[in-house]
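Novice: Return atomic coordinates for the entry below.
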Amino acid sequence: MVKKTKAVKTADKTQVCGDFTVLTPDVIVPEVEKALGRPLLGFTHPLNSYINRVYELMAADRERIIVKFYRPGRWSKEAIQDEHDFVMECARDEIPVVAPVLLKNKTTVGEVDGVFFAVYPKRLGRIWEQTCDDDWKRLGRVVARAHVVGSRKVAKHRLQLHPEETTASDIAQLIDGGTIPPRYQKPFEDICSQLLEEIMPMFDDAEYIRIHGDCHAKNILHRPDEGLLLIDFDDMVMGPPVQDLWMLLPGHVMDSGRELDLMIKGYREFRDFEEQSIELIEPLRAMRMLYFLDWIGRQREDPCFATNFPSWTNDSFWADQLRELNQQYMNIRQG
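Specialist: As a prediction, this is how the structure comes out:
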């Protein structure tokens, strides 16, 4: 078991928006060609991504590839390599993931004008939908297999999913960011302080391993001829294993006991599961709520921000957030 250890914080929350202006097609294609050592066609199709910039390219032999440009300042090169190492270790253990391609520089991380990037083979699939009991067990099995790999070593340059490290930072960034309407500033500070005081001790004895970190239904594809495929390890962290289970549940833990039990049964076919870690699910949900608010706030300078989040500065938006945070606090208190 790996317990919580101090890690280097590598998510730079002082940089609100990366400068992707260099990423024009006449730059992307030759730079990726050079990195791969193979000719590409001029095809560059942008794909949806809120944080990074992702493009589908086409090699001269018509093979489709995906290139992901990481938002500058979000992760260090070493942190990106931690992500890639984890995924490649999973691939070597025949766990269904999409591993990055080895580049001409003998690593999986390229760079253009200070923007790091990685190249992946294109993999198609449908978003996974659970329709029977065995579907939930299958989810548990594939997550457990990834966690077997994740438990083998520490990701030294990744965040620790502990309220003292991640959530306290999220809260501070929101409070200092100047976007919370004045009438909600004090109530927001109060509920965040109560939440931290309540949940902080619950994580001190938790198991910490490399996990996916953002394991929700849209990051699990179903390939009819191959099974489930885990994608997008961009938010990989050192964290409690239960983090990769609760986000797959259809609702709060008190309403999803059957689904959780089935996932744990599947999980235990490959790895032990700490029963007491179920108590972390609702605290982790509260942490996710605050992370998401901070995640939005860090994009304020993005040209698409007003379109993507039009209600951010509205009183009604913050009234809703306070109500939900207070309700989540009560859910945690009531166990």
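Novice: where exactly do the strands run in the stretch 1-150 of the chain?
Specialist: Listed in chain order, the strands of the stretch 1-150 of the chain (DSSP state E, counting those that start in this stretch) span 40-47, 53-59, 64-69, 110-112, 115-121, 126-127.
Novice: just checking, what's the longest helix in this structure?
Specialist: Once the chain is assigned using DSSP state H, the helix that runs over the most residues is helix 315-334.
Novice: Shouldn't Leu221 be within a strand?
Specialist: Yes - read with DSSP: H, G, I helix; E, B strand; the rest coil, Leu221 is one of the residues of a strand.
Novice: can I see the domain layout of this structure?
Specialist: 25-76+98-125, 133-334 (automatic domain parsing).
Novice: Show the end-to-end separation of the last one, please.
Specialist: End-to-end distance for domain 133-334: 28 Å, by CA to CA, to the nearest Å.
Novice: start the count at 32, not 1, going forward
Specialist: Got it, first residue is 32 now, which makes that one domain 164-365.
Novice: can you list the domains of the chain in CSV and add distance to His115?
Specialist: No exception for glycine: its C-beta is placed from N, CA and C like everyone else's. Listed next are the domains of the chain as CSV, based on distance: least, CB to CB, whole Å:
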stretch, distance to His115
domain 56-107+129-156, 4
domain 164-365, 8
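Novice: Any idea which of those domains gets closest to Cys121?
Specialist: Put simply, out of the domains of the chain the one that sits nearest Cys121 is domain 164-365, at 5.1 Å, with distance taken as CB to CB.
Novice: so where is this protein shaky, pLDDT-wise?
Specialist: Counting by pLDDT under 70, the chain shows low-confidence ranges at 32-49.
Novice: Could you double-check that Met278 sits in contact with His243?
Specialist: No - assessed by CB atoms under 8 Å, Met278 is found out of contact with His243, at 9.2 Å.
Novice: who's more crowded, the two?
Specialist: Neighbours per residue, other CB atoms under 10 Å: of Met278 and His243, the larger number sits with His243, 28 against 18.
Novice: Just confirm that one contacts Asp275, I think it does.
Specialist: Yes - under the criterion of CB under 8 Å, His243 makes contact with Asp275 at 5.1 Å.
Novice: Please identify every residue contacting each of these two.
Specialist: By CB atoms under 8 Å, 6 or more residues apart in numbering, His243 and Asp275 have these common neighbours: Val174, Ala177.
Novice: Who are the contact partners of Trp349?
Specialist: In this structure, Trp349 makes contact with Ile211, Pro212, Tyr215, Phe219, judged by CB under 8 Å, 6+ apart.
Novice: residues making contact with stretch 59-70?
Specialist: For stretch 59-70, contacts defined as CB under 8 Å, 6+ apart pick out 71, 73, 75, 86, 88, 90-91, 96, 98, 132, 134-136, 141, 143, 148, 150.
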